[in-house]
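**Student:** One predicted model, sequence on top.
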Amino acid sequence: MNQNDLKKAAALVALEYVEEGSIVGVGTGSTVNHFIAGLEGIRDRVAGAVSSSEASSARLAALGIPVIDLNDVTDLPIYVDGADEIDGDFNMIKGGGGALTREKIVAEVATRFICICDASKQVNLLGHFPLPVEVLPMARALVERKLQQLGGHPVLREHFITDNGNLILDVHGLRIAAPTELESAINQIPGVVTNGLFARRGADLLLLATANGVERHVARHSA
Ligand code: 5RP
């Protein structure tokens, strides 16, 4: 199995968690694209989807799955999304696709965050993957300096504008021993929209695709 096969395997298991007649929270990325494709097969059993990006919205709409405004939703049983890294406490780095802000908003509404990954995303310590930070354009230089003071090496993601019209700084060189604290500290910098640490609201269930099958890991806080 190659990495894409593993992503697909995790995504297809996530379909089992879609509740009949419910609205589904949908993330962004190549792993989630397999989940969206799988939703087509159960289209009649879902009321619609709340999406975390224009890209996912377009895929959902193309399959005839209604895309619902988050403001019209109070009950979102599950949010399904990938990750760039996930640690043993189900903290994640996300935002490789640049959709971190909308992902974090939709995840906050959902009762259960289901993370779908291939095994390469599992790490002991977050930070090898550069941490994405969404920044208002006028604050770029300020935020770069503040991130350097926190020990990181921010690099502007070139030729990239988020769905919200902002920039992404990818922060290299962080070894993230205290993810909740760092998530909060970065979000305190004026001009930061949000950062790709999902620690304050981590995953509840990890569907981890390995060569031997898809493992289901329940977070301690959800057990
Ligand atoms: C997008 C994300 C993705 O979930 C993350 O980048 C993983 O992507 P992929 O499934 O393509 O490996 O956070 O903003």
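**Tutor:** Received the coordinates, thanks.
**Student:** near the ligand, which residues of this protein show up?
**Tutor:** 27-31, 81-84, 94-100, 103 (CB under 6 Å from any ligand atom). Yep, even glycine has a C-beta here, placed from its N, CA and C like the rest.
**Student:** ok, 8 Å please
**Tutor:** Neighbours of the ligand within the chain, by CB under 8 Å from any ligand atom: 7, 27-33, 52-53, 81-84, 94-100, 103, 116-118, 121, 132, 196.
**Student:** and residue 111, how many neighbours does it have?
**Tutor:** Using other CB atoms under 10 Å, residue 111 has 12 other residues around it.
**Student:** Give me the number of neighbouring residues for the closest residue to it other than its chain neighbours.
**Tutor:** With sequence-adjacent residues excluded and distances taken as CB to CB, 6 or more residues apart in numbering, residue 111 is closest to residue 77, at 5.2 Å. Around residue 77 sit 14 other residues, with neighbours defined as other CB under 10 Å.
**Student:** Run through the residues that contact residue 77.
**Tutor:** 19, 22, 23, 24, 110, 111, 112 (CB atoms under 8 Å, 6 or more residues apart in numbering).
**Student:** Ok, residue 10 next?
**Tutor:** Each residue near residue 10 by CB under 8 Å, 6+ apart is listed here: 31, 34, 116, 117, 118, 207, 208, 209, 214.
**Student:** so which of those comes closest to residue 160?
**Tutor:** Closest to residue 160 out of the contacts of residue 10 is residue 31 (19.9 Å), distances taken as CB to CB.
**Student:** What values do phi and psi take at the closest one?
**Tutor:** Dihedral angles of residue 31 (phi, psi; degrees, to the nearest 10) stand at phi -70, psi -50.
**Student:** what pLDDT, on average, does the longest helix along the chain get?
**Tutor:** Longest helix in the chain, counting residues (DSSP state H): helix 3-14. Helix 3-14 carries an average pLDDT of 97.
**Student:** follow-up on the earlier one: greatest separation within the contacts of residue 10: which pair is it?
**Tutor:** Farthest-apart pair in these is 34 and 208; separation 14.7 Å (CB to CB).
**Student:** quick one: the residue nearest to residue 111 and residue 193, what's the gap?
**Tutor:** Residue 77 sits 27 Å away from residue 193, going by CB to CB, to the nearest Å.
**Student:** Contacts only, for residue 213.
**Tutor:** So residue 213 contacts residue 9 (CB under 8 Å, 6+ apart).
**Student:** Would you mind measuring from it to the ligand?
**Tutor:** 19 Å (CB to the nearest ligand atom, to the nearest Å).
**Student:** beta partners of that residue?
**Tutor:** Counting by DSSP bridges, residue 213 is bridged to residue 210.
**Student:** ok, so what distance separates it from residue 103?
**Tutor:** In terms of CB to CB, residue 213 sits 27 Å off from residue 103.
**Student:** three-state assignment of residue 20?
**Tutor:** Per DSSP: H, G, I helix; E, B strand; the rest coil, the local secondary structure of residue 20 is coil.
**Student:** quick one, what contacts it?
**Tutor:** So residue 20 contacts residue 45 (CB under 8 Å, 6+ apart).
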